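A.B. asks: Following is a predicted model, sequence given first.
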Amino acid sequence: MGPHPSGLGPHVPLPEYIKNMTRIAEHLKSLSEKTRIIFLSCPPINEEMVCQLESPFIGKIDRTNELCRKYSEACIQLCNDMDLKVIDLWTAIQKRDDWATVCFTDGIHFTSEGSKIVVAEILKVLKEAEWEPSLHWKSLPTEFAEDSPYHLVASDGLSTFNPSEWTSHREIQWD
């Protein structure tokens, strides 16, 4: 959000935002050498929809895509400087031609379509990151992989199927 002329409101100046984000990243990195960090940059907004949110009880909201771009770029630069993974949501969301109308419920909050873009970007980072162990779902070990007489009985009536090995439903949804 941009600053209100009165000086009141939730605006965080860009230098303070960078300082705050740096402190957050430093704290997370200090927790463990194994801590994995992914920052999401500021997404775009649908300015037209945001204008419709105005109410007689709340002063004019100063939110623009240009301001979102500046904060997004600052986040990306900070992450690059600190060797952190970052997802450029500002760019990723706008890759769709119809992003402004299908990605937001109110100009700010994501619809399911907007959320799908976020998930895809997170999974892309997890898949490409050279982290040991990998945190991509396909690389994670199967929980409860041991066979059990309580699993579903196979058609031969003599053996069982372990449902934890079934991944076909995930193929469609996430890849």
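C.D. replies: On my side now, so go ahead.

A.B. asks: Tell me which helix or strand in this protein has the weakest average pLDDT.
C.D. replies: When each helix and strand of the chain is scored by mean pLDDT, DSSP states H and E, helix 168-174 comes last, with a mean of 52.

A.B. asks: quick one: what helix or strand has the residue nearest the centre of the chain in it?
C.D. replies: Nearest to the mean C-alpha position of the chain, by Cα atoms, centre = their mean, lies residue 118 at 4.7 Å. Assigned by DSSP states H and E, residue 118 belongs to helix 112-128.

A.B. asks: Check which helices and strands the host helix or strand of residue 72 is in contact with.
C.D. replies: Per DSSP H and E, residue 72 falls inside helix 65-81. The contact analysis (3 or more Cβ pairs under 8 Å, 6 or more residues apart in numbering; DSSP states H and E) places helix 65-81 against helix 14-31, strand 38-40, strand 85-87, helix 89-93. (C-beta placed from N, C-alpha, C; glycine too.)

A.B. asks: So what touches it?
C.D. replies: Residues outside helix 65-81 that contact it (Cβ atoms under 8 Å, 6 or more residues apart in numbering): 1-2, 14, 17-18, 21-22, 25, 39-45, 47, 84-86, 88-91.
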